[in-house]
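Participant: got a sequence here, can you build the structure:
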Amino acid sequence: MLLLPKGNPLFENMAVSKLKLPDIIAKLSNGSFTGYASFVFQASTAVLIFEAGRLFSALVEDENGMRESGFQALSSLAESMVAAGSGALNVYQLSKDLTMCVHALLEGEPLCKDRDLTLIDINAINEKIKNDKMNGCLRIFTDEHTAIVFYKEGNPLGFFHDGDREIEPSPTETQKIAGVPGAKIDLFSTKNTSESAEANLLEFINVQEIWDSCVALHKVVNNNKDVEHQELDRKIVFQQLAELEEMVKSIVVDSVGRVGRGIVDKEISDNGGNSCLVDADRAEKFIKGIERTAKLLVSGTNSKVMMGKLSSALTAVDSES
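Facilitator: Residues are numbered from 1 along each chain as shown. Here you go, the predicted structure:
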């Protein structure tokens with residue numbers, strides 16, 4: 001779970017459904033932005049980290065904890081944005097030092113995940129961090145808030161809380177979050193990320209090409225779905241017309257005998273197929289043709305009864321459509 005304190009907000013909860021990834025990245029890059037942008041979807045979260053406009057880290061994590069970085073992360077993010085019916089963009093400004101600490105956190109190895117704080121000896125963890133001279137961070141979080149304590153060679157560097165732009169020396173907010181019932185902690189061992197932090201993904205990844213490919217693929221998929229839906233609709237209509245034709249034949253056979261099926265077949269053929277049964281003008285011609293032939297075979301009373309049943313059946317279908 002890519003859970004970070006909110007930092008100093010520039011944008012929060014902006015709907016991503018009408019946004020374009022190249023435009024967002026270009027705006028942050030051209031504005032020499034330092035901090036991170038998070039994209040929160042139902043099944044995944046993406047974080048892009050910038051320093052003075054350089055995009056040096058891209059990470060996506062799905063609901064199962066699977067992660068992607070770099071090119072694959074940007075591709076997955078673009079796919080999620082193009083297909084998204086919902087999702088939110090948040091952009092938070094940070095100092096350079098805090099940005100590098102967040103980068104180290106996201107690259108870190110989890111040593112302890114989602115542990116209930118009441119079941120953890122926090123003093124023992126602090127002793128381990130100190131004795132092992134660990135580079136890492138301790139994340140304390142609830143459903144509402146998150147705080148992170150950063151360590152370098154076993155010594156605390158400071159704290160990061162919601163709304164902060166710099167690393168803070170005071171643990172007050174962290175202690176408040178730790179005191180909330182249900183608070184949990186994660187512990188990460190971080191590595192030296194200075195080398196990757198010097199890179200700029202935008203120098204060797206074409207975000208516009210990634211975006212255009214995702215848009216084109218999404219269009220093809222939607223067109224295929226439209227074709228599938230149209231084919232399904234045709235099959236449903238074909239089945240409904242076949243059932244209606246059998247109903248009509250049953251009505252006519254009941255009145256004039258087995259020859260009735262041939263009479264119906266002829267009139268359907270003369271009126272352009274069984275779709276005439278659901279077309280008002282052609283249905284009227286069809287009924288008149290049946291009536292002319294029926295009068296030669298049965299009494300006027302039986303013919304009227306039959307025509308009443310036919311009219312009712314076809315009128316009912318017309319009203320449903």
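Participant: CA atoms for contacts and neighbours, from now on please.
Facilitator: Will do.
Participant: low-scoring pLDDT stretches of the stretch 101-250 of the chain, where are they?
Facilitator: Applying pLDDT under 70 to the stretch 101-250 of the chain flags residues 191-198, 221-233, 236.
Participant: one more time with 90
Facilitator: 101-183, 185-200, 203-204, 213-250 (pLDDT under 90).
Participant: quick one: the helices in it, in order.
Facilitator: With DSSP state H, counting those that start in this stretch as the criterion, the stretch 101-250 of the chain has helices at 122-131, 172-178, 194-197, 207-256.
Participant: out of those, nearest to Gln93?
Facilitator: helix 194-197 (16.8 Å; C-alpha to C-alpha).
Participant: hang on, Asn135 packs against Val149?
Facilitator: No - using C-alpha atoms under 8 Å as the test, Asn135 is too far from Val149 to be in contact (11.1 Å).
Participant: phi, psi for the residue nearest to Asp132 when sequence neighbours are not counted please.
Facilitator: Excluding the flanking residues, the one nearest Asp132 by C-alpha to C-alpha, 6 or more residues apart in numbering is Gly154, at 6.6 Å. Backbone torsions for Gly154, taken as degrees, to the nearest 10, come to phi 90, psi -10.
Participant: contacting residues around Gly154?
Facilitator: 129-135 (C-alpha atoms under 8 Å, 6 or more residues apart in numbering).
Participant: and for Glu166, the neighbour number?
Facilitator: Counted with other C-alpha atoms under 10 Å, the neighbours of Glu166 add up to 19.
Participant: show me how this protein divides into domains.
Facilitator: 1-94+199-205, 109-189, 225-320 (automatic domain parsing).
Participant: can you show me the strands along the stretch 1-150 of the chain?
Facilitator: Applying DSSP state E, counting those that start in this stretch to the stretch 1-150 of the chain gives strands spanning 8-15, 35-40, 44-51, 54-62, 67-69, 88-93, 109-116, 136-141, 146-152.
Participant: hang on, the earlier thing: make JSON lines out of the helices of the stretch 101-250 of the chain and add distance to Cys276 and mean neighbour count.
Facilitator: Output for the helices of the stretch 101-250 of the chain, formatted as JSON lines (distance: least, C-alpha to C-alpha, whole Å; neighbours: other C-alpha atoms under 10 Å):
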{"stretch": "helix 122-131", "distance to Cys276": "80", "mean neighbour count": "14"}
{"stretch": "helix 172-178", "distance to Cys276": "72", "mean neighbour count": "16"}
{"stretch": "helix 194-197", "distance to Cys276": "70", "mean neighbour count": "12"}
{"stretch": "helix 207-256", "distance to Cys276": "9", "mean neighbour count": "15"}
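Participant: can I get those in JSON lines including distance to Pro9?
Facilitator: Shown next, in JSON lines, are these (distance: least, C-alpha to C-alpha, whole Å):
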{"stretch": "helix 122-131", "distance to Pro9": "31"}
{"stretch": "helix 172-178", "distance to Pro9": "18"}
{"stretch": "helix 194-197", "distance to Pro9": "22"}
{"stretch": "helix 207-256", "distance to Pro9": "24"}
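Participant: out of these, which is closest to Leu59?
Facilitator: Closest to Leu59 of these is helix 194-197 (C-alpha to C-alpha; 13.1 Å).
Participant: just checking, Leu277 touches Ala283?
Facilitator: Yes - in this structure, Leu277 is within contact of Ala283 by C-alpha under 8 Å, at 5.0 Å.
Participant: quick one: which of these two has more around it?
Facilitator: The neighbour comparison of Leu277 against Ala283 (other C-alpha under 10 Å) goes to Leu277, with 26 against 22.
Participant: helix/strand/coil for the more buried one?
Facilitator: helix (DSSP: H, G, I helix; E, B strand; the rest coil).
Participant: hmm, back to that, among the strands of the stretch 1-150 of the chain, which comes closest to Ala294?
Facilitator: strand 8-15 (66.0 Å).
Participant: what separates Ala26 from Gly53, distance-wise?
Facilitator: Distance, Ala26 to Gly53, by C-alpha to C-alpha, to the nearest Å: 9 Å.
Participant: ok, these two, which is more surrounded?
Facilitator: More neighbours surround Gly53 than the other of Ala26 and Gly53, with 20 against 14 (other C-alpha under 10 Å).
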